[in-house]
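Student: Dropping a prediction and its sequence here:
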Amino acid sequence: MVTEAADLLFTNVRLATMVDGVGDLQDAALAVRGGRIAWLGARRDAPPAAVIHDCGGAWMTPGLVDCHTHIVHAGERGGEWEARLNGASYEDIARAGGGILSTVRATRAAAEDALLHQSLPRIRALLAEGVTTLEIKSGYGLTLLDEAKMLRVARRIGTVLPVNVHTTFLGAHALPPEFAGRADAYIDDLCDRMLPALAAEGLVDAVDAFCERIGFTHAQTARVFAAARRLGLPVKLHAEQLSDQDGAALVAAYGGLSADHLEYLSPAGVAAMARAGTVAVLLPGAYYFLRETCMPPLDALRAAGVPLALATDCNPGTSPLTSLLLAMNLACTLWRMTPLEALRGCTVHAARALGRSDIGTLAPGMRADLALWDVARPSDLAYALGARPCRLVVHGGAPRAPEIDLH
Ligand code: NIG
Ligand code: FE
């Protein structure tokens, strides 16, 4: 029993704490003080509070975490999608100068404010579904100035909207045209000049790369990771998305937060991730949108005890997806993840993929990032396609409506 008064008390609530499975606490209450969860437990034991919110028996989860997005970008690639449906492959389009480089051209051409304003509607869509933490990658600028512009926009999003933003430098996303045929020289520039300058400006929370036939080699990726390590920055990797490049083992060797995509992950990669505690971030939107048929090795990942996170991978080429709830449904329907695995993937395990131990579960001391839902059971979050079941969101202790009006 806590006697000190709380700022805010949610009572008559059913808590999915996500501590040990779903962590169902019925007929419960949750108290917030100073932006943190001060207490949770049986409703009858609740402390006094300045403001009391009766939840009418509704389910509350931690605020959702989208731990892998490329949501800041200019332009769109609907024509490329149509070309793929007419027979071109993602790799063909990239080799012909389209794909990522087409979004690079649009993003370089956009002024910083325009880039922000083009990105905001996508972010509002995520926030309407209870997302309270969002990772945003650079990687469509590929010059120091344009990568800085993207990362500044990402930081600004965290100030103009109620969301915690994690920035990831993805300079090693594609080879910029001015370095054609000189990939090693680009990686030199990235390691020696771009990354240190961006880190010095406080724009980089983590470092990522695209280790792939159409991206960068294992050796080039290792050099990016070594540069990140020199700056004390954590790493993550687009690994084994289109082919097995042994990328998951590489990021695990650097103690990486996560290896992401993983459709072509080998048993050795699974074992390396398990040893290092590297989270598997699975991206069913990209799998679906690319009409991929090779599934990530879910049973092997489960057997090895690798935490499974899910994210939208929101980007204009492989996953123009602005619904984390739909990502949960795709993971369940296409891969037979269970709805509980999917929810853990967007809460506790997604938090871990960002290196955060203060979000993703409901427990005393955690940040009061919460979502209240109109659902009969937590699995319904993954069930109802296109539903908008979020009733209320709490960000750092501050309640808000799910839909955010910017005007
Ligand atoms: O996560 N694979 C590399 N990066 C993105 C795609 C980016 C793009 O096509 O614009 C991904 O799938
Ligand atoms: Fe991605």
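Tutor: Happy to help now that I have it. Ligands and ions are numbered 1, 2, ... in the order given.

Student: Within its local environment, how many residues does the closest residue to ligand 1 within the stretch 201-350 of the chain see?
Tutor: In the stretch 201-350 of the chain, the residue that lies nearest ligand 1 is Gly317 (2.4 Å; C-beta to the nearest ligand atom). For the C-beta atoms, the positions are set from N, CA and C on the backbone; glycine is no exception. The tally of other residues near Gly317 (other C-beta atoms under 10 Å) stands at 24.

Student: Give me the contacts around stretch 151-164.
Tutor: For stretch 151-164, contacts defined as C-beta atoms under 8 Å, 6 or more residues apart in numbering pick out 72, 112, 115-116, 119-120, 123-124, 126-127, 131-134, 136, 138, 165, 167, 169, 198, 203-204, 359, 369, 393, 395-396, 398, 400, 404, 406.

Student: Now which of those residues would you call buried?
Tutor: 72, 115-116, 119-120, 123-124, 126-127, 131-134, 136, 138, 165, 167, 169, 198, 203-204, 359, 369, 393, 395, 404 (16 or more other C-beta atoms under 10 Å).

Student: what residues does the chain put near ligand 1?
Tutor: 70, 99-100, 103, 210, 238, 241, 286, 313, 315-318 (C-beta under 6 Å from any ligand atom).

Student: quick one, phi/psi of Ile100?
Tutor: phi -50, psi -40 (degrees, to the nearest 10).

Student: Let me see the contact set for it.
Tutor: 94, 139-140, 173-174, 317.

Student: Have a look at these and tell me the least confident one.
Tutor: Note: of those, the lowest pLDDT belongs to Ala94, at 93.

Student: Just give the number of residues close to that residue.
Tutor: Neighbour tally, Ala94, other C-beta under 10 Å: 21.

Student: can you check Gly158 too?
Tutor: The burial count for Gly158: 17, using other C-beta under 10 Å.

Student: secondary structure element for it?
Tutor: helix 144-160 (DSSP states H and E).

Student: Would you mind listing the buried residues in that helix?
Tutor: 144, 146-158.

Student: Quickly check those residues for the two that are furthest apart.
Tutor: Farthest-apart pair in the buried residues of helix 144-160 is Leu144 and Gly158; separation 21.7 Å (C-beta to C-beta).

Student: quick one: the residue lying closest to Gly97 once chain neighbours are set aside and Lys137, what's the gap?
Tutor: For Gly97, ignoring the flanking residues on the chain, the nearest one in space by C-beta to C-beta, 6 or more residues apart in numbering is Pro177 at 7.6 Å. Separation of Pro177 from Lys137 (C-beta to C-beta, to the nearest Å) stands at 20 Å.

Student: Have a look at the two and say which one is more surrounded.
Tutor: Lys137 (28 against 11).

Student: beta partners of that one?
Tutor: Note on Lys137: beta-bridge partners by DSSP bridges are Thr168.

Student: Looking at the buried residues of helix 144-160, which is nearest ligand 1?
Tutor: Met150 (12.7 Å).

Student: The nearest residue to the closest one once chain neighbours are set aside: what's it in contact with?
Tutor: Nearest residue to Met150, sequence neighbours excluded (C-beta to C-beta, 6+ apart): Ser138, at 4.3 Å. Taking C-beta under 8 Å, 6+ apart, we find Ser138 in contact with 72, 147, 150-151, 154, 167-171, 173.

Student: Could you tell me the per-residue confidence at the residue of the stretch 1-150 of the chain found nearest ligand 1?
Tutor: Closest to ligand 1 within the stretch 1-150 of the chain is Ile100: 4.4 Å, counting by C-beta to the nearest ligand atom. Model confidence at Ile100, given as pLDDT, is 96.

Student: Go ahead and report the secondary structure state at Leu385.
Tutor: coil (DSSP: H, G, I helix; E, B strand; the rest coil).

Student: what's the burial count for it?
Tutor: 11.

Student: just Ala300 next, same as before
Tutor: 16.

Student: From Asp208, how far off is the nearest residue to it once chain neighbours are set aside?
Tutor: Computed as C-beta to C-beta, 6+ apart, the closest residue to Ala300 that is not its neighbour in sequence is Val270, at 4.7 Å. Relative to Asp208, Val270 is positioned 20 Å away (C-beta to C-beta).

Student: neighbour-wise, which of the two wins?
Tutor: Asp208 (32 against 25).

Student: for the more buried one, what are its contacts?
Tutor: Neighbours of Asp208 in contact, by C-beta under 8 Å, 6+ apart: 137, 139, 168-170, 172, 235-238, 260.

Student: if we go to 7 Å?
Tutor: 137, 168, 170, 236-238 (C-beta atoms under 7 Å, 6 or more residues apart in numbering).

Student: buried set for the worst-scoring helix or strand of the chain on mean pLDDT?
Tutor: The least trusted helix or strand in the chain, going by mean pLDDT, DSSP states H and E, turns out to be helix 90-95, with a mean of 93. Neighbour counts over helix 90-95 (16+ other C-beta under 10 Å) mark 90, 93-94 as buried.

Student: what do you get for stretch 344-351?
Tutor: 344-351.

Student: Now tabulate these in TSV and tack on secondary structure and pLDDT.
Tutor: As requested, these are exported to TSV (DSSP: H, G, I helix; E, B strand; the rest coil; pLDDT from 0 to 100):
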residue	secondary structure	pLDDT
Arg344	helix	98
Gly345	helix	98
Cys346	coil	98
Thr347	coil	98
Val348	helix	98
His349	helix	98
Ala350	helix	99
Ala351	helix	98
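
Student: so where do the strands sit in the stretch 251-400 of the chain?
Tutor: 258-261, 279-282, 308-310, 370-373, 390-395, 398-400 (DSSP state E, counting those that start in this stretch).

Student: got a markdown table for the ones you listed, with distance to Arg182 and mean pLDDT too?
Tutor: As requested, the strands of the stretch 251-400 of the chain are exported to a markdown table (distance: least, C-beta to C-beta, whole Å; pLDDT from 0 to 100):
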| stretch | distance to Arg182 | mean pLDDT |
| --- | --- | --- |
| strand 258-261 | 27 | 98 |
| strand 279-282 | 31 | 99 |
| strand 308-310 | 35 | 99 |
| strand 370-373 | 47 | 98 |
| strand 390-395 | 45 | 98 |
| strand 398-400 | 48 | 96 |
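
Student: Quick one: list the elements packing against the least confident helix or strand of the chain.
Tutor: Counting contacts by 3 or more C-beta pairs under 7 Å, 6 or more residues apart in numbering; DSSP states H and E, helix 90-95 packs against helix 78-85.

Student: All set now, cheers.
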